[in-house]
Structures are given as C-alpha cells and as structure tokens.
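Undergrad: Got a predicted structure here, sequence first:
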Amino acid sequence: MGDETAKRRHGPERDERTGQAAAAARIHQKDRWVEEQIRVAMERGDFDDLPGAGKPIEGLGDSHDPDWWLKKLVEREKIAVLPLSVQLRREEAELDTRLDTIGFEAEVRRVLTDFNERVVAARYRAPEGPPLITMPRDVDESVAAWAARRAERRAARAADQAAAEAAAPPRRWPRRRRGRPAR
C-alpha cells in the first residue's frame, strides 16, 4: 500500500537513466516481452529444422576445458601454430617477395633488421621444435638485391610500355582554326 501511495504522490516510477516512466515499465517487464517474442517465433516456425536438432550438444559430456573456445577457433579457422624455427624458415623463404612489395629503401632495411633481430633472438632460446637453420641476412647485400630486382621490374615495365606505344596507331590531334576559340 505504501508503494501505491508513493506513486500517487510522486507519479509513476521513472527510469534512473532516462527519467521516463515508460522505460521503467519496459525494464520491469522485459522477461515477459522476451518470452512473448520466443513464443511468436516458435509459432512462425523459426526454430524448426535447425542444424543439430534432436542431437546432443557436441562436447557437453567431456571434462571441462577452459580453452575449448580457443581449440574450436583453431579448428574452424584452420590456424596452424608452428614452432618458431619453422615460422622463421617460412618467412625467410617469402622474404624477397615481401621486400619486392616495398617501395622505399628505409622500409626494406627496417624489415630486414626486424627479421634479423628475431632470428638472433630465436638462436638464444631453447629449441622448441626442429633445429633453427635460418641465418640472419646481410642487410646491405639484401638491399642491393632488392634494388637490382626493382630496377629489372622498372626496365621491363618501360620496355612493355614502349612496345605498347609502338604497336598503337599514331594519335592525331585535331586542327585548331585560327581566330576561333577552342571549345
């Protein structure tokens, strides 16, 4: 009865965040609203023919594994976790291709320095997989090789462009008549 008296004196209960009575009423009745939405969806058949219907939920009977979600992610996304020695070997095999996508010598040097630091750090660690056979790269030698490959690509592009221009018919420019402005 005290609640009813307070409502008559102060009006309907109001939500603390918005100060609106309707919001407070919705919050108090949200469980009924959710149940109603589920009932309507069931009547429409939204939950019929779901994958796994009638089958036990996978993995529920197993012992509790706090990393279950991580293992499922690795399995679903086909993520390969390789030992550091194999990762560095793979990166070293693809390093020239990666360097060829870089346009500035300073960035090439930064990438090579980073790679070399990780190789040296891996050599000081205890082996965690196959032996580390990857060696640090000579930065100056690798930059020179990068510059040579870059010059070859530019020369090939220029030759292709010159061949395309030579094969194209000559471009004719329209004549302009004197005394008339160009449109």
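TA: Thanks, I have the structure now.

Undergrad: Show me the domain layout of this structure.
TA: Following automatic domain parsing, the chain resolves into domains at 13-44, 84-165.

Undergrad: Average the pLDDT values over the shortest one and round to the nearest integer.
TA: The average pLDDT within domain 13-44 is 78.

Undergrad: With the longest one instead?
TA: Here the mean pLDDT over domain 84-165 is 91, rounded to a whole number.

Undergrad: That domain: end-to-end distance?
TA: Distance between the two ends of domain 84-165: 50 Å, counting by C-alpha to C-alpha, to the nearest Å.

Undergrad: what residue lies at the spatial centre of the protein?
TA: For the chain, the residue nearest the mean C-alpha position is residue 77 (12.5 Å; C-alpha atoms, centre = their mean).

Undergrad: Would you mind measuring from that residue to residue 163?
TA: 45 Å (C-beta to C-beta, to the nearest Å). (Glycine included, C-beta is placed from N, CA and C.)

Undergrad: Now do the same contact list for the spatially closest residue to residue 131 that is not a sequence neighbour.
TA: Leaving aside its sequence neighbours, residue 131 sits nearest to residue 85 (C-beta to C-beta, 6 or more residues apart in numbering; 6.5 Å). Shown in contact with residue 85 (C-beta atoms under 8 Å, 6 or more residues apart in numbering): 122, 127, 128, 129, 130, 131, 132, 133, 134.
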